[in-house]
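Chemist: dropping the sequence and predicted coords here.
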Amino acid sequence: MKPKVIRMTEDVLIEGCRKNDRRSQRHLYEKYFDPMSLVCYRYLKDRDLAHEMVHEGFIKVFKAIHQYKNQGSLEGWIRRIMVNTCLDYLRKEKKFRSQVEISEAYELAGDENHLDQMEAEDVLLHIQSLPEPLGTVFNLYIIEGYSHKEIAQKLGFGASTSRAYLTEARKKLRLSLARVQNQERRVNHG
């Protein structure tokens, strides 16, 4: 006989977590572990470290669950905690201390349709290849939807620096993707 699977609604999970119910905490953790691992991996580029930050992030989630006001999605609230956990780690490890010289920003013309043909995993690899803090600014602005002012506050530099890092990140991504596209053209025509 199979064990009985108990499905909990999100409201029941939240209420259980507020009461420190271990079963509710386990269900919430299991429900969001995979998507939050992907979030952390985008920032840390190391699966083991990403999993460690997910664990640390969930400790923060369980400690702060009483602050969740049931407004907006629970997943979005948890995501913000995970992103902040990763940023705390990167700040602690001084990943943002090194100065990166920002070259004059310019737009590169490229085949935008090429992105449509690439697998999401391939694009993620290109994003992960961006040096710090370019990759983090790109993730925060493009993927997470933070403003430059919010990014600047979180990372400890000015909003104009955030914009410059984003421009530089986009430039590097276009160059990287253009190289792949050119290699594929050579292979297909060569």
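Modeler: Right, received. Where do you want to start? Computed from a prediction, not measured in an experiment: that's the story for all the values here.
Chemist: hmm, which helix or strand of the chain has the shakiest average pLDDT?
Modeler: When the helices and strands of the chain are scored by mean pLDDT, DSSP states H and E, helix 113-117 comes last with a mean of 46.
Chemist: now the helices for this structure?
Modeler: 10-18, 22-44, 47-64, 74-92, 113-117, 120-128, 134-138, 148-155, 159-189 (DSSP state H).
Chemist: tabulate those (CSV), appending mean neighbour count.
Modeler: Where you see a C-beta, it was placed from the backbone N, CA and C, and this is true even at glycine. Output for the helices of the chain, formatted as CSV (neighbours: other CB atoms under 10 Å):
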stretch, mean neighbour count
helix 10-18, 16
helix 22-44, 17
helix 47-64, 17
helix 74-92, 18
helix 113-117, 11
helix 120-128, 14
helix 134-138, 24
helix 148-155, 18
helix 159-189, 16
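Chemist: got any ranges where this structure has weak pLDDT?
Modeler: 1-7, 94-123, 184-185, 188-190 (pLDDT under 70).
Chemist: can you pull up the most central residue in it?
Modeler: Centroid-nearest residue in the chain: Val39, 3.8 Å away (criterion: CA atoms, centre = their mean).
Chemist: so what's it up against?
Modeler: Arg79, Met82, Val83, Cys86 (CB atoms under 8 Å, 6 or more residues apart in numbering).
Chemist: which of those sit farthest apart?
Modeler: Arg79 and Cys86 (10.7 Å; CB to CB).
Chemist: just the CA trace of stretch 43-54, in PDB.
Modeler: Extracted C-alpha coordinates of stretch 43-54, given in PDB (Å, rounded to 0.1, in the frame of the first residue of the first chain):
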ATOM      1  CA  TYR A  43      23.900  34.600  -9.500                       C
ATOM      2  CA  LEU A  44      26.500  32.200  -8.100                       C
ATOM      3  CA  LYS A  45      27.400  30.100 -11.100                       C
ATOM      4  CA  ASP A  46      28.100  27.100  -8.900                       C
ATOM      5  CA  ARG A  47      25.400  24.400  -8.200                       C
ATOM      6  CA  ASP A  48      26.700  23.400  -4.800                       C
ATOM      7  CA  LEU A  49      27.000  27.000  -3.600                       C
ATOM      8  CA  ALA A  50      23.500  27.800  -5.100                       C
ATOM      9  CA  HIS A  51      22.000  24.900  -3.100                       C
ATOM     10  CA  GLU A  52      23.800  26.200   0.000                       C
ATOM     11  CA  MET A  53      22.300  29.600  -0.500                       C
ATOM     12  CA  VAL A  54      18.800  28.000  -1.100                       C
END
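Chemist: ok, and what's touching that stretch?
Modeler: 33, 36-37, 40-41, 82-83, 85-87, 89-90, 128, 135-136, 139.
Chemist: out of those, who's nearest Arg170?
Modeler: Gly135 (11.7 Å).
Chemist: from memory that closest one sits against Leu125, does it?
Modeler: No. Using CB atoms under 8 Å as the test, Gly135 is too far from Leu125 to be in contact (11.5 Å).
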